[in-house]
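Colleague: here's my sequence, what's the structure:
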Amino acid sequence: MMQKFSWVGSEITYIDQPVVQRLHHAVVGRFGGNSASGQTKNEDGCLVWIDEKEEWEFAMVLDSHNSAQSAELVIRQIEKHKTSIALLLSGKVSVELFDQLERNLLQLFQEDGFKEACRHVQGETACLIAVRKGKYLYWFSIGDCLLYLFHPELAAFGQYQLNQRQFYEWVGQVNTFEQEIPCFSSGIRELRQGENQLLLTTDGLVECPNAVFAEPESIWQQCRDADTADGVAALLSIIQKNHVRDSATVVSWTVDIGEPASYASNQ
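Modeller: Residues are numbered from 1 along each chain as shown. Modelled structure (predicted):
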């Protein structure tokens, strides 16, 4: 049975109140920022679907501005296509599965009715989607939210962050899908054998005063020897103590992969 969760900061702001919640084996952390630093609203959002039997997770974080209306709209649009996305992800891992997933995402963002609705919201949102199926991770990124993959073999090479933040990309009142060619980033990674931690976050985590988490390794150091919920709670507690104003939303989970991963031919 699929586990489902969604939230937008306009519902509950969590200003001055970091909250960490478990959703099966995933963790959702939310902090609306510090009122003493001038925060008055939370325009983040997130959505998580988990199907343990079919071995997949679908997670999305959103960072909107000038109102949370665009985040609300994107979540509704994704939820409208939940059945078709879940059906696709129940299939066998293949190149075709991830190709079709990307086509589906592009189609739902380019639907005429959705684009028309975007023209009537106030503000726009960054949007990051990450999907794990089997030993592979796919992501689809519009804007400047961040995705990390933590594993000791990757950390040994200083590799933590999967996507690059892209500024001036949004969905909503200003909409990349209204352009002649939509602008987005996507990719696929093979997870390593053993425990992999995946973490999505809005930019409040990395734009905190004193730049406590500006470097990806500092996030890994908080998470590496901790239970996922404890690690996420520590991240939020630290930015709260450093007087962050911006809201931060974190979705994280671990995946234990039994299959061998790729190595160089002479290793």
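Colleague: please count neighbours and contacts with C-alpha atoms only from this point.
Modeller: Noted.
Colleague: could I get the full set of strands for this protein?
Modeller: 3-8, 19-23, 26-31, 44-51, 56-65, 124-133, 136-142, 146-150, 171-172, 185-190, 194-201, 248-257 (DSSP state E).
Colleague: want to throw these into CSV with mean neighbour count and mean pLDDT?
Modeller: Shown next, in CSV, are these (neighbours: other CA atoms under 10 Å; pLDDT from 0 to 100):
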stretch, mean neighbour count, mean pLDDT
strand 3-8, 16, 96
strand 19-23, 16, 97
strand 26-31, 25, 98
strand 44-51, 24, 98
strand 56-65, 25, 97
strand 124-133, 25, 98
strand 136-142, 21, 98
strand 146-150, 24, 98
strand 171-172, 26, 98
strand 185-190, 14, 97
strand 194-201, 21, 98
strand 248-257, 23, 97
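Colleague: wait, which of those is closest to residue 164?
Modeller: Closest to residue 164 of the strands of the chain is strand 146-150 (CA to CA; 7.3 Å).
Colleague: give the other helices and strands that the closest one contacts.
Modeller: In terms of contacts (3 or more CA pairs under 8 Å, 6 or more residues apart in numbering; DSSP states H and E), strand 146-150 is packed against strand 124-133, strand 194-201.
Colleague: redo the strands of the chain as TSV? Include distance to residue 112.
Modeller: Listed next are these as TSV, based on distance: least, CA to CA, whole Å:
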stretch	distance to residue 112
strand 3-8	24
strand 19-23	33
strand 26-31	32
strand 44-51	23
strand 56-65	21
strand 124-133	17
strand 136-142	19
strand 146-150	28
strand 171-172	13
strand 185-190	22
strand 194-201	29
strand 248-257	30
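Colleague: report the contact partners of residue 136.
Modeller: Contact analysis of residue 136 by CA atoms under 8 Å, 6 or more residues apart in numbering lists 188-191.
Colleague: again, but for residue 26
Modeller: Applying CA under 8 Å, 6+ apart, the residues near residue 26 are 228, 251-254.
Colleague: identify the bridge partners of it.
Modeller: Beta-bridge partners of residue 26, counted by DSSP bridges, are residue 23, residue 253.
Colleague: how close does it get to residue 194?
Modeller: Taking CA to CA, to the nearest Å as the measure, residue 26 falls 17 Å from residue 194.
Colleague: ok, longest helix in the chain?
Modeller: Longest helix in the chain, counting residues (DSSP state H): helix 95-110.
Colleague: ok so, going back, which among the strands of the chain is found nearest to residue 232?
Modeller: Closest among those, once you apply CA to CA, is strand 26-31, at 6.3 Å.
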